[in-house]
Structures are given as C-alpha cells and as structure tokens.
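S.K.: Sequence plus predicted model, see below.
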Amino acid sequence: MAKHLRPKAGKNLQWVLSGLSETATVEQRATGQPLLSRKQAAELRLLQQLAKSEGKDPRRVMLPFKKQKPALQFLQPARFDMLPPPSSMKAVEVGRAASIAAREQHCVNPMFWRSLGERASELLQSFDTEDMAKLLNGMSRASYVDQELISRLCACALVRIKYFNSRHLIMCVSALSKLRASDDDMVQLFPEFASRVLELRGAGELTMAMATLGRLGNIQGVDDMLHQLAAQVDARLSADQFRVRDLATVCNVYVRLRYLDELHVRNISRCAWGTLHEATPQELARLALAATQARIVGADDVVGRATTLALEKAHFLMPVEIADLMFAFGSALEAGLGSPDTHTALLRLIHEAARLSHQLQPLQLASVLHSCARWKLNAPYPELACLIKILGAKCEKLPVSVARDTLNSIGRLRSQVSTPVSAVHATGDSEGLQDLSHSAGGALAAESETSLRETLVTIQVAVAALEVRVHHELLSDEAS
C-alpha cells in the first residue's frame, strides 16, 4: 500500500540584518472549488478525459463560464415610463403601479387609471391586503374616483378586515375617507379601525390615523378614539419621532374636532419648537391657531415666531396658505396674543392676496374678505377693491350660504370705507383726506379721493352680483 505523504509546507522568509531568515511556516490549504451539480461534474470528467487523451494536463481543465440571464422583474426601477401595460400586470404589481402613478402624476393620463382599474377588477379576488391598501392609497393621492371599483374594494376589505395589519388598515380607511366612500361602509370599517389604536407606535401611523379621524367626525365613537389617540401621541412625544409636519396635522385635527386640551397642546408646541423653521406657511398657521384656541402658556411666543417665519416666506405664498395664515393671525389678535409684527404680517398677507387675486379660488377670496371685516383690518383701499372685484366676477361658483356671509362681510367693509370718507366731507377739511390715506399706522394707502370713490363703486358692483347669485338660487329652490 502506497504511503500517504503530506506535502511539505512552504517557507515564509524575510530580510534581516544577517540575511534571509525563516519566520514561520505556511500551511498548504486546498483552494476552494465551486460546488458542481451531477451534470456539471460529468461534463468536467469528460473534458478531463479528452484532455488526457490529447496529452494535456487534465488538472487545468475547467468548465466554461456561463453568464446567467437576469430574471425579468416588473416595476424595477420604480419609474412610470418603464411600467408594463396594466393588462399584463399581476395582483402585486397593480398596487405598486398605483403608488408609482400617484407619485408621478404629471406623466399619467386618465386612460392609464381606467386601464388599471379594469385590471384591478379582474384580479380583485387574488388581491392581498397590502395590494388593496396600496391601490386605494394611490387612487386617493391621484384623486381618481371610480365609485364602482371603490365599492368593490371596500366590500373585499370588509371580508378580509381581520387580516390587515395596523398600517395597511389605516392606509385603507384613510384612502376611503378621501375618496368619499359611502357612510355605511365607513361605519362598518370604523370598529376595527378603533380597536387598533394600541397597535400604533410610529409617528407616521399616528399622524395618518389622526388625519383619518378628522374626516370621520360624524361617526359615533370618534370622540373616544380621539382621546385614545391623543394619549398615544402624548406618550411618544418624548421619543422625538414627530416632526413639525406631523404635529401640524395633529393640531389641525384638534381644532377641527374641538379637542383643545391646554396641557396636551402645550406639549405638542414644545416638541414642534425645535423644527419650527422647517414648517411650511400652512403648518405654521395650524400650530399658531391651535396654540391660540387652546390658550396655552407661551402661545404669544408661538404666534410671534410663526409670524417671523411667515414674513420670511411672504413673497412665495400659495393662495391656500394666505387664507390660513390670515385666519390664524387674526384669531391671535382677537385673543390678545398678537404683536405689531402680527398686524404687519396681516397687512402683508392682504397685499399678497391682492397680487395673486386671479389665482385665488372664490372660497379663499371670501375667507380673506371675512378676515378683513371681522378683525377690522385697515387694508389699503385699492387692494380691497381688487379682491372684491375678482370675487364679484367669480361669485357664480360660491355656495349660497357662503355668498350670504360674504355679503355681510362686504357690507361691514363698505361701512369701514365710507365712514371716514363721509366724516371728511362733512367737515369740509381737504387736508383731512390726505391725512386719511396715512392714518392707522400707514395702513390706508389710497392717494386721492378718486381711488376711494372707485373702491365704493367696485363694492357696489360686487354686492349686486352676489345679490343676483343668492336671488337666482332662491328662485331655483322655490321652483324645485
């Protein structure tokens, strides 16, 4: 029997002063060989035999490297222009495609949503809870409403409601509330939604649940769930997981549902103070309004800092932000929490509203005028005339109740405009008219009596248009 000889170990040498010296031995280790299947091992043996028969070293024979083709993965990367046609999508791909389409709305046309809805109807029975939540969430973000598909998805969600985890259930209920699902469906979903409060841990989940609750204000049990969610939020404020965006959403729900616990709102304001510079103007308005209405300790500091940050962004405000900031700062002035900067901010907001008057919706114009009349803001006459003129041209889109309230607001503004002018004419003081344009801290910017008269004429034309709007609605109600 042949004696097995262990291969000699190699030597590791290094240079020293006296020359080469052996320092340590190197163990001979077998090189790692890739694992081969039976078919590959048979092919390798055949190639080695052929090499040996040709007088070559069989130990140098290796199998040819075969590059594996990458598996086709749909929806990778997550770009709308690389999505497959909806008719070829699987159930898991429909929900993800809805999320991608909602994120890239500028690339999506209504035809895609119709095709995706048809494919979802075909695969509805194979949908997982996550697929339903993603599809509904994408539809709500894109404001795509298909009542038939929504009712079918809601019925399917009710059947599998026990299999939803807390996050997907909140996504589903939130999307259905945005898509105006029927009250009966929301009432059936609400008990399971309310029972998952203790499972909510993250800031995102709690914020989404709060926002959903704000849209379900007419369902029985909302108040009890609101108290439970507020306790969950209060317990997690110390973890510093909430950003100012989340806290502004929570404050907006509290104001809407009239839950204004002073200690709780104060804790929220303190938590938001560190990231208040990251807030958008609308978020600043929501935080300032909640602090004002809850009458928290330090509300004047919150309103003051919100005023400073809003003035820095005044030239870049959107129409909805102008209306929200005016209502929040006006409420602060009424509560005695404002400062001269707050009044300056309100006048600047009126200026921005007049500059963007053609972009403001009728309801936003009505809100700005209501704020001017309610808090007796000394707005410049040309800017008031501009806002009232645009509202008179767009009054056909106003609801009748809002049109009536707007008539009252314009009436109060007209009295504010005409009272000082009539007083000047009664005294016959020509210098009084010049002083009038610079009174109230420089708020009245009219330079001549002509501009004042034009303002009154504009108000009269807008009032006539609003009265016609209300009269036509009354006639249509009587006819029906």
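M.R.: Received it, and whenever you're ready, just let me know what you need.

S.K.: quick one: the strands in the stretch 1-150 of the chain?
M.R.: Counting by DSSP state E, counting those that start in this stretch, residue ranges of the strands within the stretch 1-150 of the chain are 10-16, 19-26.

S.K.: Name the residues of the longest helix along the chain that are buried.
M.R.: Taking DSSP state H as the criterion, the chain has its longest helix at helix 449-479. In terms of neighbour count (16 or more other C-beta atoms under 10 Å), helix 449-479 has its buried residues at 449, 452, 454-455, 458-459, 462-463, 465-466, 469-470, 473. C-betas here are computed from N, CA, C, even on glycine.

S.K.: and what of stretch 218-238?
M.R.: Applying 16+ other C-beta under 10 Å to stretch 218-238 flags I219, M225, L226, L229, A230, Q232, V233, R236, L237 as buried.

S.K.: Next: stretch 171-183.
M.R.: Buried residues in stretch 171-183, counting neighbours by 16+ other C-beta under 10 Å, are found at M171, C172, V173, S174, A175, L176, S177, K178, L179, A181.

S.K.: these two touch, right, the last one and C154?
M.R.: Yes. Contact criterion C-beta atoms under 8 Å: A181 and C154 qualify, at 5.6 Å.

S.K.: Nearest spatial neighbour of L116, chain-adjacent residues omitted?
M.R.: P86 (4.6 Å; C-beta to C-beta, 6 or more residues apart in numbering).

S.K.: do T458 as well
M.R.: Nearest to T458 is A385, by C-beta to C-beta, 6+ apart, at 4.3 Å.

S.K.: just V92 next, same as before
M.R.: D131 (6.0 Å).

S.K.: how many other residues sit next to that neighbour?
M.R.: Other residues within reach of D131, judged by other C-beta atoms under 10 Å, total 22.

S.K.: How about the contacts made by it?
M.R.: A91, V92, V94, G95 (C-beta atoms under 8 Å, 6 or more residues apart in numbering).

S.K.: Now the two most distant members of the buried residues of stretch 171-183.
M.R.: Maximum pairwise distance among the buried residues of stretch 171-183 (C-beta to C-beta): 13.7 Å, between M171 and A181.

S.K.: could I have the helix or strand that L391 is a member of exported to CSV, CA atoms only?
M.R.: Under the criterion of DSSP states H and E, L391 resides in helix 381-393. Presented in CSV, the C-alpha positions along helix 381-393 are these (Å, rounded to 0.1, in the frame of the first residue of the first chain):
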residue,chain,number,x,y,z
TYR,A,381,-58.5,100.6,-0.5
PRO,A,382,-57.1,99.6,-3.9
GLU,A,383,-56.2,96.2,-2.6
LEU,A,384,-59.7,95.7,-1.1
ALA,A,385,-61.3,96.9,-4.4
CYS,A,386,-59.1,94.4,-6.3
LEU,A,387,-60.2,91.4,-4.1
ILE,A,388,-63.9,92.4,-4.1
LYS,A,389,-63.9,92.9,-7.9
ILE,A,390,-62.4,89.4,-8.6
LEU,A,391,-64.9,87.9,-6.1
GLY,A,392,-67.8,89.6,-7.9
ALA,A,393,-66.6,88.1,-11.2
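
S.K.: Helices of the stretch 201-350 of the chain, start to end?
M.R.: Applying DSSP state H, counting those that start in this stretch to the stretch 201-350 of the chain gives helices spanning 203-214, 222-236, 244-257, 262-273, 281-294, 299-312, 319-334, 340-355.

S.K.: any idea which of those is most buried?
M.R.: Using mean count of other C-beta atoms under 10 Å, the stretch among these with the largest mean neighbour count is helix 281-294, at a mean of 25.

S.K.: and stretch 233-249, what's its mean pLDDT?
M.R.: Averaging pLDDT along stretch 233-249 yields 86.

S.K.: err, stretch 415-422, not the other one
M.R.: Mean predicted confidence for stretch 415-422 is 64.

S.K.: Flag the shaky bits of the stretch 51-200 of the chain, pLDDT-wise.
M.R.: The stretch 51-200 of the chain contains residues with pLDDT under 70 at 65-77.

S.K.: Now do the helices in it.
M.R.: 91-103, 110-122, 129-142, 147-159, 166-178, 183-195.

S.K.: now the angle from the longest one to helix 110-122?
M.R.: Spelled out, that is helix 129-142. When axes from the mean of the first three to the mean of the last three C-alpha atoms, to 10 degrees is applied, the directions of helix 129-142 and helix 110-122 differ by 160 degrees.

S.K.: Let me see the contact set for P191.
M.R.: P191 neighbours (C-beta under 8 Å, 6+ apart): G221.

S.K.: same check, this time on L356
M.R.: Going by C-beta under 8 Å, 6+ apart, L356 touches L317, P319, I322.

S.K.: Restricting to C-alpha, output stretch 127-140 in PDB.
M.R.: Provided in PDB are the C-alpha atoms of stretch 127-140 (Å, rounded to 0.1, in the frame of the first residue of the first chain):
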ATOM      1  CA  PHE A 127     -55.500  40.800  -4.000                       C
ATOM      2  CA  ASP A 128     -53.600  40.700  -0.700                       C
ATOM      3  CA  THR A 129     -54.400  43.200   2.000                       C
ATOM      4  CA  GLU A 130     -51.200  45.200   1.100                       C
ATOM      5  CA  ASP A 131     -52.200  45.300  -2.600                       C
ATOM      6  CA  MET A 132     -55.700  46.700  -1.700                       C
ATOM      7  CA  ALA A 133     -54.100  49.300   0.600                       C
ATOM      8  CA  LYS A 134     -51.600  50.500  -2.000                       C
ATOM      9  CA  LEU A 135     -54.200  50.700  -4.700                       C
ATOM     10  CA  LEU A 136     -56.600  52.700  -2.600                       C
ATOM     11  CA  ASN A 137     -53.800  54.900  -1.400                       C
ATOM     12  CA  GLY A 138     -52.600  55.600  -4.900                       C
ATOM     13  CA  MET A 139     -56.100  56.400  -6.100                       C
ATOM     14  CA  SER A 140     -56.700  58.900  -3.200                       C
END
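
S.K.: in that stretch, what's buried?
M.R.: Under 16+ other C-beta under 10 Å, the buried positions of stretch 127-140 are 127, 129-140.

S.K.: Reformat those residues into TSV and put distance to L36 next to each item.
M.R.: Putting those into TSV (distance: C-beta to C-beta, whole Å) gives the following:
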residue	distance to L36
F127	43
T129	43
E130	40
D131	41
M132	46
A133	45
K134	43
L135	46
L136	50
N137	48
G138	47
M139	51
S140	53
